[in-house]
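[1] Return atomic coordinates for the entry below.
(one chain, ligands or ions: 2)
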Amino acid sequence: MHTEVIKAYGTTAATTPLDQLSINRREPTPHDVVIDILFCGVCHSDLHTARNEWHGTIYPCVPGHEIVGKVVRVGDHVKKFKVGDQVGVGCLVDSCQECQYCKEDLEQFCEKGATQTYNSSDKHLGGQTYGGYSQKVVVNEGFVVHIPENLDLAASSPLLCAGITTYSPLRHWKVGPGKKVGVVGIGGLGHMGIKIAKAMGAHVVAFTTSESKFEEAKRLGADEVVLSKDAAQMRAFRGKLHFILDCVSAEHDVNAYLSLLRVDGSLALVGAPEFPLPVAAFSLIGGRKSFAGSAIGGLAETQEMLDFCGEHNITADIEMINMQQINEAYDRLLKNDVRYRFVIDMASLKH
Ligand code: NAP
Ligand code: ZN
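    Ligands and ions are numbered 1, 2, ... in the order given. Model (predicted):
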């Protein structure tokens, strides 16, 4: 198959810094869209994967699944997009399209295993898929979404992962007016969780370990903020919350949060720490509580989330970086030193 060689940024081992490398992009098939990548958000999953914290990374690894850009070419059978459209690609670039879950618009749970934007088997070129820390990407139109024209493109890129990963569980657990919702861990995902839950009409309580985020969480839309290290502040919310969205990237005590749920309340984990999180039986059985999880969202729901964000004028709070600053950005991400998402300006990866 004919391919185009483009510039990307990636790593060749878990302990090696990211650096420039060359990758191939396929010649578009009749159903493909070629996207010139303008911005790419930096998700904590990029860091977990680059450093092999989930133990499945194939190298070289080119992360990036919060991709936005402009369509520069379309295959002959493409119907949804034309050259010049402002589009996005999130965590998925393909799935079987035949199983029960694909048919129910839950491509993220495809029985045959969806193709992730990076570090998945590449059905076209062999080897593994390469993500958005690159100049271009070629994607089946079914896995490309429209970005509402009223939204700032760079600040929209985090919606493709952080946005959908928080929107989907908030919808699934029916968050809205009359519901008290906790959002734990105010990073890239958590800050989107606050904005989206607020726009859905819920009463939002933010839980942070960072004193410096206390006031900012209110600006983001939280009705109340709790410093989770303060036992007295935590106690005040015992049995008060209908739902908790846990966005923490590292080990933490989930039992402390389960105690804040009302009877029949649910805590959904979206954070994916490297190590297991112990759950005490009595954290759940007393109040018939549920400890659950959620992963990104399907393509239809991703478009629904983008339209919702367009209507409510919701984007991420971002700090723009050049591609060459990615290693420093990873170190700062680990130190909780980002307000609230790094976004790479792909113009820095010169043509
Ligand atoms: P992030 O920007 O680094 O945010 C994580 C937040 O967790 C931090 O801002 C911090 O919030 C809190 N935190 C960090 N270390 C902590 C510790 N040791 N103890 C307690 N709290 C701590 O990361 P992100 O990009 O939002 O991603 C969050 C997690 O979700 C990652 O594990 C990522 O892989 C995962 N993820 C999952 C999905 C999915 O589909 N389920 C999708 C995307 C990402 P405070 O300062 O407020 O305490
Ligand atoms: Zn992500």
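[2] could you measure the most far-flung residue of the chain relative to its centre against D264, distance?
    Most distant residue from the mean C-alpha position of the chain: G286, 32.7 Å away (Cα atoms, centre = their mean). Distance of G286 to D264, given as Cβ to Cβ, to the nearest Å: 11 Å. C-beta coordinates here come from the backbone N, C-alpha and C atoms, glycine included.
[3] who's in contact with stretch 107-125?
    Contacts with stretch 107-125, where a contact means Cβ atoms under 8 Å, 6 or more residues apart in numbering, come from 1, 3, 24, 26, 29, 49, 56-58, 61-65, 67, 89-96, 99-102, 127-132, 137, 143, 295-299.
[4] what distance separates that stretch from the centre of its chain?
    16 Å (Cα atoms, centre = their mean, to the nearest Å).
[5] That stretch near ligand 1 at all?
    No. Using Cβ under 6 Å from any ligand atom, stretch 107-125 stays clear of ligand 1, coming no nearer than 7.6 Å.
[6] From the opening residue of that stretch to its closing one, how far?
    21 Å (Cα to Cα, to the nearest Å).
[7] near ligand 2 at all, it?
    No. With Cβ under 5 Å from the ion as the measure, stretch 107-125 is seen stopping short of ligand 2, the closest distance being 9.3 Å.
[8] And the residue of the stretch 51-200 of the chain that's closest to ligand 1?
    G187 (1.8 Å; Cβ to the nearest ligand atom).
[9] what's the distance between the residue nearest the centre of the chain and ligand 2?
    Centroid-nearest residue in the chain, with Cα atoms, centre = their mean: C161, separated by 2.4 Å. The spacing between C161 and ligand 2, counted by Cβ to the ion, to the nearest Å, is 3 Å.
[10] distance of that residue from L38?
    Taking Cβ to Cβ, one finds C161 at 16 Å from L38.
[11] I'd like the mean pLDDT over the helix or strand containing Q20, please.
    In the assignment (DSSP states H and E), Q20 maps to strand 19-26. Strand 19-26 carries an average pLDDT of 97.
[12] Buried residues in that strand, which are they?
    Across strand 19-26, burial judged by 16 or more other Cβ atoms under 10 Å covers 21, 23-26.
[13] Mind putting the residues you listed into TSV with distance to ligand 2?
    Output for these, formatted as TSV (distance: Cβ to the ion, whole Å):
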residue	distance to ligand 2
L21	21
I23	20
N24	24
R25	21
R26	23
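[14] Could you export those residues to a markdown table, including columns for distance to G75?
    Below are the buried residues of strand 19-26 laid out as a markdown table (distance: Cβ to Cβ, whole Å):
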| residue | distance to G75 |
| --- | --- |
| L21 | 27 |
| I23 | 20 |
| N24 | 18 |
| R25 | 13 |
| R26 | 11 |
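[15] tell me which parts of the stretch 201-350 of the chain are close to ligand 1?
    So far as Cβ under 6 Å from any ligand atom goes, the stretch 201-350 of the chain lies against ligand 1 at 208-210, 213, 247-250, 252, 270-273, 294-296, 333, 336.
[16] Which ones among the residues you listed map onto strands?
    Using DSSP state E, T208 are the members of these that sit in strands.
[17] Can you tell me which of the residues of the stretch 201-350 of the chain next to ligand 1 are buried?
    Buried among these by 16+ other Cβ under 10 Å: 208, 210, 213, 247-249, 252, 270-273, 294, 296, 333, 336.
[18] From those residues, pick the one nearest G176.
    S294 (17.0 Å; Cβ to Cβ).
[19] From A222, how far out is that closest one?
    20 Å.
[20] try D32
    In terms of Cβ to Cβ, D32 sits 41 Å off from A222.
[21] Comparing these two, which shows the higher neighbour count?
    Of the pair D32 and A222, A222 is the one with more neighbours under other Cβ atoms under 10 Å, namely 29 against 24.
[22] so that one sits right up against V204, yeah?
    Yes. At 4.9 Å, A222 and V204 qualify as touching, with contact defined as Cβ atoms under 8 Å.
[23] hmm, which of the contacts of stretch 107-125 are the buried ones?
    Listed as buried from these are 24, 26, 49, 57, 61-65, 67, 89-95, 99, 101-102, 128-132, 137, 143, 296-299; burial here means 16+ other Cβ under 10 Å.
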